[in-house]
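# Only the shape, not the letters, is given here:
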């Protein structure tokens, strides 16, 4: 099944350059509807206003981290089913285990490349 | 039996009242007080015991030496000049890498957005943007030099702190128990480690095994 690139995607990162990189990679993959947020609080606000088909979030942000965002999303019945990919420099086993336990759909460690992003998005949607 | 003279007592009182810097007691204050006390008690003890008199003289001499050693470390200079300069160097590195990244990304975006149907125009855009990318990469030379300066400062700081620890025999003092700061607590609870060195964190392949 072909990847549905018409879904709105929310990219959450406090580093503008990383948002720009992910946005361009998503564009290359065919995703045009991409919104951005600079931390978990802003992302949660946007998610309550609009239904996103995918969230790609960094871990280390202030005031709300990606890990906290993930837990809040999974605890909110209206948002709980949103696919969530963590893209982060946090590469310790305990981070991966904690994210998995909190309900993350996939985990990408920085630095990453376009094929990795593509394969993880495909894995999330079962392609 | 001789006692401390009024003059000695007056010196100590004068030091405590006026010479010591207003609010915080510094190591220098303590050493200075010890020096005055040692000198003042000398007149008392020299009549009692020659050995004690000699010990006090030795102590005063050691204190004077320690003050001299501390002044050689030029700690004030490190605090007022070298460390702030290192901070400015690091800020400049962040700024330069950000500027270069933006230039490179803008060039790549323009190449991505260029119309390939007009072959000549497309080639001109690609050539121009490739030059921009090459020029932006020159940041590496300057940031490399800045990083070397910061490393030099850190090495100098390391030497001075090590020297200070040795001179003051600080290693013999038991470390106070660590108190977790609010920031440390946040990092622990939210599992914030930051980037790992190559080969130290888990690889993408290892992560994939969890999914």
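Everything's here; your move. As the structure is a computational prediction, the values presented were derived from the model and not from experiment.
# Can you tell me the closest non-neighbouring residue to residue B:130?
Once flanking residues are discounted, residue B:130 sits nearest to residue B:107: 7.6 Å by Cβ to Cβ, 6 or more residues apart in numbering or on different chains. To be clear about C-beta, it is placed using only N, CA and C from the backbone, and glycine gets the same treatment.
# so who does the one you found touch?
Applying Cβ atoms under 8 Å, 6 or more residues apart in numbering or on different chains to residue B:107 gives the contacts B:129, B:130, B:132, B:133, B:136.
# and the residues you listed as CSV, adding secondary structure?
Below are the contacts of residue B:107 laid out as CSV (DSSP: H, G, I helix; E, B strand; the rest coil):
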residue, secondary structure
B:129, helix
B:130, helix
B:132, helix
B:133, helix
B:136, helix
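# now the closest residue to residue A:118 other than its chain neighbours: how far from chain B?
Leaving out its chain neighbours, the residue that sits closest to residue A:118 by Cβ to Cβ, 6+ apart is residue A:29, at 5.6 Å. In this view, residue A:29 and chain B are 13 Å apart by Cβ to the nearest Cβ, to the nearest Å.
# ok, now residue A:118?
Counting by Cβ to the nearest Cβ - residue A:118 and chain B are separated by 13 Å.
# Kindly report the same for residue A:73.
Counting by Cβ to the nearest Cβ, the gap from residue A:73 to chain B is 16 Å.
# Verify the stated contact: that residue with residue A:79.
Yes. With contact defined as Cβ atoms under 8 Å, residue A:73 reaches residue A:79; the gap is 4.7 Å.
# Next, show the common contact partners of those two.
Shared contacts of residue A:73 and residue A:79 (Cβ under 8 Å, 6+ apart): residue A:47.
# Give me the more crowded residue out of these two.
residue A:73 (24 against 17; other Cβ atoms under 10 Å in any protein chain shown).
# Quickly find the element holding that one.
Residue A:73 belongs to helix A:66-75 when elements are defined using DSSP states H and E.
# Among the contacts of residue B:107, name the buried ones.
B:129, B:132, B:133, B:136 (16 or more other Cβ atoms under 10 Å in any protein chain shown).
# export those residues to a markdown table and tack on distance to chain A and pLDDT?
Listed next are those as a markdown table, based on distance: Cβ to the nearest Cβ, whole Å; pLDDT from 0 to 100:
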| residue | distance to chain A | pLDDT |
| --- | --- | --- |
| B:129 | 14 | 95 |
| B:132 | 16 | 94 |
| B:133 | 15 | 94 |
| B:136 | 13 | 92 |
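# Which residue ranges make up each domain of chain B?
Listed by automatic domain parsing, the domain ranges of chain B are B:6-73, B:75-172.
# Excluding chain neighbours, what is closest to residue B:111?
Closest residue to residue B:111 apart from its sequence neighbours, by Cβ to Cβ, 6+ apart: residue B:129 at 5.1 Å.
# follow-up on the earlier one: the helix or strand that the helix holding residue A:73 is followed by and chain B, any residue contact?
Scanning forward in sequence from helix A:66-75 by DSSP H and E, the next helix or strand is strand A:84-88. No. Judged by Cβ under 8 Å from any Cβ of the partner chain, strand A:84-88 makes no contact with chain B; its nearest approach is 9.2 Å.
# Packing partners of strand A:84-88?
Strand A:84-88 makes packing contacts with strand A:54-57, helix A:66-75, strand A:106-109, helix A:114-124 when contacts are defined by 3 or more Cβ pairs under 8 Å, 6 or more residues apart in numbering or on different chains; DSSP states H and E.
# Quick check: buried residues in stretch B:105-122?
B:105, B:107, B:111, B:114.
# Spell out which residues of chain A are next to chain B.
Near chain B, when you scan chain A using Cβ under 8 Å from any Cβ, you find A:17, A:20-21, A:24, A:27-28, A:59-60, A:65, A:67-68, A:89-98, A:100, A:105-110, A:112, A:116, A:123.
# and stretch B:98-113, average pLDDT?
In this model, stretch B:98-113 has a mean pLDDT of 94.
# swap in stretch B:162-170?
Rounded mean pLDDT across stretch B:162-170 is 74.
# hang on, the earlier thing: sitting in helices, which of the buried residues of stretch B:105-122 do you find?
Among the buried residues of stretch B:105-122, the ones falling in helices (DSSP state H) are B:105, B:107, B:111.
# Pretty sure the first one sits against residue A:21.
Yes. Contact status for residue B:105 versus residue A:21: in contact at 7.3 Å, counting by Cβ under 8 Å.
# Give me the local confidence score for the residue lying closest to residue A:93 once chain neighbours are set aside.
Nearest non-adjacent residue to residue A:93, counting by Cβ to Cβ, 6+ apart: residue B:202, 5.4 Å away. You'll see residue B:202 listed with a pLDDT of 91.
# Need the three-state assignment for residue B:202.
Under three-state DSSP, residue B:202 falls in the coil class.
# same deal with residue A:36?
The three-state label given to residue A:36 by three-state DSSP is strand.
# That one and residue B:59, how far apart?
The gap separating residue A:36 from residue B:59 is 67 Å, by Cβ to Cβ, to the nearest Å.
# Give me the more crowded residue out of those two.
The residue with more neighbours, out of residue A:36 and residue B:59, is residue A:36; 18 against 15, by other Cβ under 10 Å.
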